[in-house]
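# Based on what follows, work out the 3D shape:
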Amino acid sequence: MTTETTRRTFLGQGLTLPALLTLGQAPAIAQIKPGALKVVCVGGHPDDPESGCGGTLALYAAQGHRVSIVYLTRGERGIPGRSESEAAAIRTAEAQAACGILGAKPVFAGQIDGATELTRARVEAMGAILDAESPDVVFTHWPIDTHMDHQVASLLTIRAYVAKSRGFPLYFFEVNSGSQTMGFTPTHYVDITAVREKKKSALFAHKSQHGDAIYREHHEIMENYRGREVRAAAAEAFVLLPSPKGSQKLPGT
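Predicted coordinates for the structure are as follows:
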């Protein structure tokens with residue numbers, strides 16, 4: 001039996017996303033075996049994955065799973081008064097620091113902040129990144145978002161998923177619901193109470209983006225609200241992309 005076969009079989013024998021919560025269920029920490037999953041999150045800029053699902057990624061990493069964060073851009077236009085190259089260097093370092101806190105590996109897809117592209121070549125490039133990571137589960141932006149880079153990150157991931165019928169379940173996260181993420185109705189929740197401080201530290205590592213203020217003004221409120229929906233102190237919410245192969249849940253659920 002090959003390593004890959006063993007891993008895929010293992011996924012069907014009771015593995016779940018940490019602290020999985022579905023509508024109508026009380027919060028519960030799932031017991032999963034360590035080191036079995038490859039998890040990928042695709043975000044538009046440094047700080048997006050940390051904001052949207054940093055707690056969930058931290059839970060995966062804490063249980064020994066391999067976590068990679070794909071940043072579509074390096075945030076080249078995200079620091080007023082800095083050149084694109086200066087901003088890219090600063091925000092790359094911040095992303096690397098945040099990944100170190102979460103226990104994730106940073107991957108940079110090479111597009112430019114504010115000038116991202118959705119083309120066949122870019123879809124193929126994203127597919128190549130995903131194939132190299134060989135994920136068991138993927139997270140990305142909700143495609144209905146006011147920020148074009150968020151939309152492009154999401155749609156590239158969706159197109160790469162559809163193009164070769166890649167088999168991983170695909171989940172969407174929210175950022176700044178109501179001001180950026182629109183029409184988001186969660187299908188799944190994760191209780192992140194145990195790693196909330198780690199998520200905050202990762203977000204605060206993005207000093208150029210004033211991560212502490214963003215957290216207080218947006219994400220702390222969202223975590224509290226999503227937590228209330230499922231009777232937890234803090235939660236992150238997701239939408240599962242329905243699969244033509246049938247009803248897909250998080251691995252093992």
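
# Heading C-terminal from the helix or strand containing K199, find the next helix or strand.
Per DSSP states H and E: K199 is located in helix 196-204. Next helix or strand after helix 196-204 toward the C-terminus (DSSP H and E): helix 211-214.

# same for that next one, what does it pack against?
Judged by 3 or more Cβ pairs under 8 Å, 6 or more residues apart in numbering; DSSP states H and E, helix 211-214 is in contact with helix 196-204. Yep, even glycine has a C-beta here, placed from its N, CA and C like the rest.

# ok, now with 10 Å
Contact analysis of helix 211-214 by 3 or more Cβ pairs under 10 Å, 6 or more residues apart in numbering; DSSP states H and E lists helix 48-62, helix 196-204 as its packing neighbours.

# for the ones you listed, which one sits closest to L37?
Proximity to L37 (Cβ to Cβ) singles out helix 48-62 among these, at 6.7 Å.

# Only the C-alpha atoms, please, for the closest one, written as PDB.
Only the C-alpha atoms of helix 48-62 are listed here, as PDB (Å, rounded to 0.1, in the frame of the first residue of the first chain):
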ATOM      1  CA  ASP A  48      -6.200  38.000   4.400                       C
ATOM      2  CA  PRO A  49      -5.800  34.300   5.300                       C
ATOM      3  CA  GLU A  50      -4.900  35.200   8.900                       C
ATOM      4  CA  SER A  51      -8.000  37.300   9.200                       C
ATOM      5  CA  GLY A  52     -10.400  34.900   7.600                       C
ATOM      6  CA  CYS A  53      -9.300  31.500   8.900                       C
ATOM      7  CA  GLY A  54      -6.200  32.000  11.000                       C
ATOM      8  CA  GLY A  55      -7.700  30.200  14.000                       C
ATOM      9  CA  THR A  56      -8.700  27.200  11.900                       C
ATOM     10  CA  LEU A  57      -5.200  27.000  10.300                       C
ATOM     11  CA  ALA A  58      -3.600  27.300  13.800                       C
ATOM     12  CA  LEU A  59      -5.700  24.400  15.000                       C
ATOM     13  CA  TYR A  60      -4.600  22.200  12.100                       C
ATOM     14  CA  ALA A  61      -1.000  23.100  12.600                       C
ATOM     15  CA  ALA A  62      -1.100  22.500  16.400                       C
END
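
# quick one, that helix and helix 196-204 angle?
140 degrees (axes from the mean of the first three to the mean of the last three Cα atoms, to 10 degrees).

# between the helices and strands packed on helix 211-214, which gets nearest to R122?
Of all those, helix 48-62 comes closest under Cβ to Cβ, at 17.5 Å.

# and the following helix or strand past the closest one with helix 48-62, angle?
Toward the C-terminus, helix 48-62 is succeeded by strand 66-73 as the next helix or strand (DSSP H and E). With the same axes, to 10 degrees applied, the angle from strand 66-73 to helix 48-62 works out at 170 degrees.

# phi, psi of the residue nearest the centre of the chain?
Using Cα atoms, centre = their mean, the residue of the chain that lies closest to the mean C-alpha position is C41, 3.7 Å off. Dihedral pair for C41: phi -120, psi 130, per degrees, to the nearest 10.

# swap in V239?
Backbone torsions for V239, taken as degrees, to the nearest 10, come to phi -120, psi 130.

# Around it, how many other residues sit close by?
With neighbours defined by other Cβ atoms under 10 Å, the count for V239 comes to 18.

# rewinding a little: and A97, which of the helices and strands packed on helix 211-214 is closest to it?
Closest among these, once you apply Cβ to Cβ, is helix 196-204, at 8.2 Å.

# Report the helix or strand with the lowest average pLDDT across the chain.
helix 3-11 (a mean of 35; mean pLDDT, DSSP states H and E).

# Could you list the low-confidence segments of the protein?
Along the chain, segments meeting pLDDT under 70 span 1-34, 243-253.

# all helices of it, in order?
For the chain, the helices defined by DSSP state H cover 3-11, 48-62, 84-102, 120-133, 148-163, 196-204, 211-214, 220-229.
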